[in-house]
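1. After the sequence you'll find the predicted model.
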Amino acid sequence: MEEKHTKTVDLLLNKATEAFMMAIEIYNKPSIKYRVEGFALFICNAWELMLKAHLIKKNGMDSIYYKDNANRTLSLENCIEKVFTNNKDPLRKNLEKIIELRNTSTHFITEEYEMVYIPLFQACVLNFSEKIEVFHNIDMTSIIPQNFLTLSVSMKSLNEKEIIAKYPDIIANKILNSKDTVDDLVKNNNNKFAISINHYLYFTKDKNKATNTVAIDNKSSDKIQIVTKLKDPNVTHTYTANSCIDAINNHLKKKEIKPIYKDKPIDKINRYHFSLFCSYYGLKENDKYCYVHKQFSNFQYSYSQQVIDFIITEIINDLKVIDNIKNKLTPGAKEF
């Protein structure tokens, strides 16, 4: 490699490691309100610089420029396509989802996105640390301590009722859709795409080791039920939120039924509308309709055929049911 190319590669790598450290530093400061956007911006910048350095080393300086425009360098998306040619590679999918977040208009990004994307962010940090060592023989732990590669995790989980009440429907729908999409991808990819954070509960008789306490109270008004028959949710609750919505919309289309939303007929219900039904009717709290996977830091939900049938019936019985539910859940709410 020519000396001038070597200097360019060194410059790119210096900037890449700086951007990488900035991403981690911003994310691990809870006082920074825009740390989700900040992390996405700087981690994407770090990857772009590092991959361009790799392309120069491998294919020469011309490889980072567009063939039809010698004054313009490749985007991160183009670099990823050149280096990670398998579009099913979980590492590539991880980067593409974070790029998608980076490109989201900042006024649509809320603090709840942190709880959706933290498994992807953590995987992205470790993927970068691995690839910069493979491509450039740079050990990031010689630059920053190993424990700095672990991101600060929020223990708060997403609450759909709070999201619906807190945000206008366009923002709430984006948050809930993002969560469903990421959850589906996490299930079908390995730890190069996302690193799940699991919580486990253990019982101990030593109060000094306990974080919570439980007791039997015969006078309590809250009852518990003894399980006498176990049911496999993989058999009884096979739908995700998105597949429920698809099934509902397919049925409505076949029956030529158009529910009313904002006083106008709509062709399809969306994730926001589905959440309104869940919140108003307490569908997630009813194991007939929903199974909660509590082993994850952000609870994941699967649904039964009954929830699809229930929502379809409610729509058929009252085409204005979505408007009615929304008005009852968020009275006086203004649209943006």
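-> Happy to help now that I have it. If you're wondering where the values come from, they're calculated on a predicted model, not measured in any experiment.

2. chain center to stretch 89-101, what's the gap?
-> Centroid displacement of stretch 89-101 relative to its chain, using C-alpha atoms, centre = their mean, to the nearest Å, is 11 Å.

3. Show me what counts as buried in that stretch.
-> 89, 90, 91, 92, 93, 94, 95, 96, 97, 98, 99, 101 (16 or more other C-beta atoms under 10 Å). Placement of C-beta: from N, CA and C, glycine included.

4. For the host helix or strand of the last one, enumerate the helices and strands it packs against.
-> Translated: residue 101. Here residue 101, judged by DSSP states H and E, is contained in helix 90-102. Secondary-structure packing of helix 90-102 (3 or more C-beta pairs under 8 Å, 6 or more residues apart in numbering; DSSP states H and E): helix 35-59, helix 76-83, helix 112-136, helix 169-187.

5. how about CSV for these, with mean neighbour count, mean pLDDT and distance to residue 28 added?
-> As requested, the helices and strands packed on helix 90-102 are arranged in CSV below (neighbours: other C-beta atoms under 10 Å; pLDDT from 0 to 100; distance: least, C-beta to C-beta, whole Å):
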stretch, mean neighbour count, mean pLDDT, distance to residue 28
helix 35-59, 22, 95, 8
helix 76-83, 18, 96, 23
helix 112-136, 20, 91, 11
helix 169-187, 19, 85, 21
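
6. list the contacts for the residue nearest the centre of the chain?
-> When the chain is reduced to its mean C-alpha position, the nearest residue by C-alpha atoms, centre = their mean turns out to be residue 116, at 3.3 Å. Contacts here follow C-beta atoms under 8 Å, 6 or more residues apart in numbering; on that basis residue 116 touches 158, 175, 178, 179, 182, 298.

7. Recalculate using a threshold of 7 Å.
-> When contacts are counted by C-beta atoms under 7 Å, 6 or more residues apart in numbering, residue 116 touches 178, 179, 182.

8. ditto for residue 109
-> By C-beta under 7 Å, 6+ apart, the contact set of residue 109 is 36, 37.

9. Check the gap between it and residue 178 for me.
-> Residue 109 sits 10 Å away from residue 178 when distances are taken as C-beta to C-beta, to the nearest Å.

10. all helices for this protein, in order.
-> With DSSP state H as the definition, the chain shows helices at residue ranges 3-27, 35-59, 76-83, 90-102, 112-136, 160-166, 169-187, 233-236, 241-254, 271-281, 305-317, 321-329.

11. Out of those, the one nearest residue 289 is which?
-> For the helices of the chain, the distance to residue 289 is smallest for helix 305-317, at 4.0 Å, taking C-beta to C-beta.

12. Return the set of buried residues in the closest one.
-> Applying a neighbour-count criterion of 16+ other C-beta under 10 Å, one finds 307, 308, 310, 311, 312, 314, 315 buried in helix 305-317.

13. So the fifth one is in contact with residue 248, correct?
-> When you say that, I think you mean residue 312. Yes - counting by C-beta atoms under 7 Å, residue 312 does reach residue 248; the two are 5.8 Å apart.

14. Could you tell me which residues touch both of these two?
-> Common neighbours of residue 312 and residue 248 (criterion: C-beta under 7 Å, 6+ apart): none identified.

15. sorry, back to before: contacts made by the helix holding residue 101 with the rest, please.
-> Defining contact as C-beta under 7 Å, 6+ apart, one finds that helix 90-102 is touched by 40-41, 43-44, 47, 76-77, 80, 84, 86, 117, 120, 123-124, 127, 182, 185, 189-190, 192-194.

16. can you check stretch 141-152 too?
-> Taking C-beta under 7 Å, 6+ apart as the criterion, the residues outside stretch 141-152 that touch it are 17, 21, 24, 27, 28, 30, 118, 121, 122, 125, 126, 129.

17. try 8 Å
-> The contact list for stretch 141-152 (C-beta under 8 Å, 6+ apart) reads 17, 21, 24, 27-28, 30, 118, 121-122, 125-126, 129, 140.

18. Mind putting those residues into JSON lines with distance to residue 63?
-> Rendered in JSON lines, the data for these read as follows (distance: C-beta to C-beta, whole Å):
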{"residue": "17", "distance to residue 63": "21"}
{"residue": "21", "distance to residue 63": "27"}
{"residue": "24", "distance to residue 63": "29"}
{"residue": "27", "distance to residue 63": "31"}
{"residue": "28", "distance to residue 63": "35"}
{"residue": "30", "distance to residue 63": "40"}
{"residue": "118", "distance to residue 63": "34"}
{"residue": "121", "distance to residue 63": "29"}
{"residue": "122", "distance to residue 63": "31"}
{"residue": "125", "distance to residue 63": "26"}
{"residue": "126", "distance to residue 63": "27"}
{"residue": "129", "distance to residue 63": "24"}
{"residue": "140", "distance to residue 63": "25"}
